[in-house]
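Participant: Sequence first, predicted model second:
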Amino acid sequence: MGYVWVDRLCALGVSFLVFYLAYNLFRCAVPVLLDEYAIDPEELSNTINNVHGVKSASRIRSRWIGKTRAIDLVISVDPTLSIEESHRIADEIESLIEERFDTTDISIH
């Protein structure tokens, strides 16, 4: 009927839309599937190592669980400290992370 070019133009438009939506979905899904970190480990390490009593921090991991962030880490403290003092340091780190990074799912070993 003389409108073949309109059909082709619409087909190109629909295919562009499908590729655009697939690209956005792929871009959002890949970090979740690859377990990308939620907070830079170096930034967390610098924050933790500034707490008085912490000798070192290792195995620092952060990840997304839905729309919330979870943090797991291991700290070393002076072995002569009591369990109570060690827990006070861990509590101080938890409070600092909650305040600075706005997350509440924190596991410190």
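Facilitator: That came through fine.
Participant: going forward, measure contacts and count neighbours with C-alpha atoms only.
Facilitator: OK.
Participant: ranges for the helices of this structure?
Facilitator: 4-33, 41-49, 83-101 (DSSP state H).
Participant: What's the separation between D72 and S58?
Facilitator: D72 sits 10 Å away from S58, going by CA to CA, to the nearest Å.
Participant: and if you look at V74?
Facilitator: According to CA to CA, V74 and S58 sit 5 Å apart.
Participant: Repeat that for H87.
Facilitator: Distance of H87 to S58, given as CA to CA: 17 Å.
Participant: now the helices of the chain as a markdown table including distance to T68, mean neighbour count and mean pLDDT?
Facilitator: Putting the helices of the chain into a markdown table (distance: least, CA to CA, whole Å; neighbours: other CA atoms under 10 Å; pLDDT from 0 to 100) gives the following:
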| stretch | distance to T68 | mean neighbour count | mean pLDDT |
| --- | --- | --- | --- |
| helix 4-33 | 12 | 11 | 89 |
| helix 41-49 | 16 | 15 | 90 |
| helix 83-101 | 11 | 15 | 92 |
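Participant: Out of those helices, which gets nearest to S107?
Facilitator: Minimum separation from S107 across the helices of the chain (CA to CA) falls at helix 83-101, 8.4 Å.
Participant: other SSEs contacting that closest one?
Facilitator: Of the remaining helices and strands, none touches helix 83-101 by 3 or more CA pairs under 8 Å, 6 or more residues apart in numbering; DSSP states H and E.
Participant: between the longest strand along the chain and helix 41-49, how big is the angle?
Facilitator: Assignment by DSSP state E gives strand 54-65 as the longest strand of the chain. Put simply, strand 54-65 runs at 140 degrees to helix 41-49, going by axes from the mean of the first three to the mean of the last three CA atoms, to 10 degrees.
Participant: neighbouring contacts of strand 54-65?
Facilitator: 32, 35-41, 44-45, 48-49, 69-78, 89 (CA atoms under 8 Å, 6 or more residues apart in numbering).
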